[in-house]
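Novice: Return atomic coordinates for the entry below.
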Amino acid sequence: MAPVKYIIPSVVASFAFAYVVEYYVSEKKIFGGTTPRTVIGNEWRQETDKKLQAWPRIAGPPVVMNPISRQNFIVKPVGDE
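Specialist: Numbers count the residues shown, from 1 in each chain. You can find the predicted model right below:
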């Protein structure tokens, strides 16, 4: 039982340390840098969506990602033929 007493607090402490480091590096920008306006503003996303919707779509019919789950299987009892 003694290792659990050390392992759990160590794991929690490592997650807390990683959170603090990530916060100061990405939010507080301790190494410098700025957040691009494409991330802050919404205009870039709208223009990109317009551009993507304007492209002609040359493709086949829509593809089902998991065809096995979309099929309607008819399960017959073993005795029925």
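Novice: quick one: average pLDDT of stretch 52-67?
Specialist: Stretch 52-67 shows a mean pLDDT of 70 in the predicted model.
Novice: got it, and stretch 22-35?
Specialist: Computed over stretch 22-35, the average pLDDT equals 89.
Novice: which stretches of the protein form helices?
Specialist: 2-22, 37-40, 43-54, 67-70 (DSSP state H).
Novice: for the first one, packing partners?
Specialist: Yep, that's helix 2-22 we're talking about. If contacts are counted by 3 or more C-beta pairs under 8 Å, 6 or more residues apart in numbering; DSSP states H and E, helix 2-22 sits against no helix or strand. Placement of C-beta: from N, CA and C, glycine included.
Novice: who's in contact with residue 32?
Specialist: Residue 32 makes contact with no residue, according to C-beta atoms under 8 Å, 6 or more residues apart in numbering.
Novice: how close does residue 49 sit to residue 26?
Specialist: 26 Å (C-beta to C-beta, to the nearest Å).
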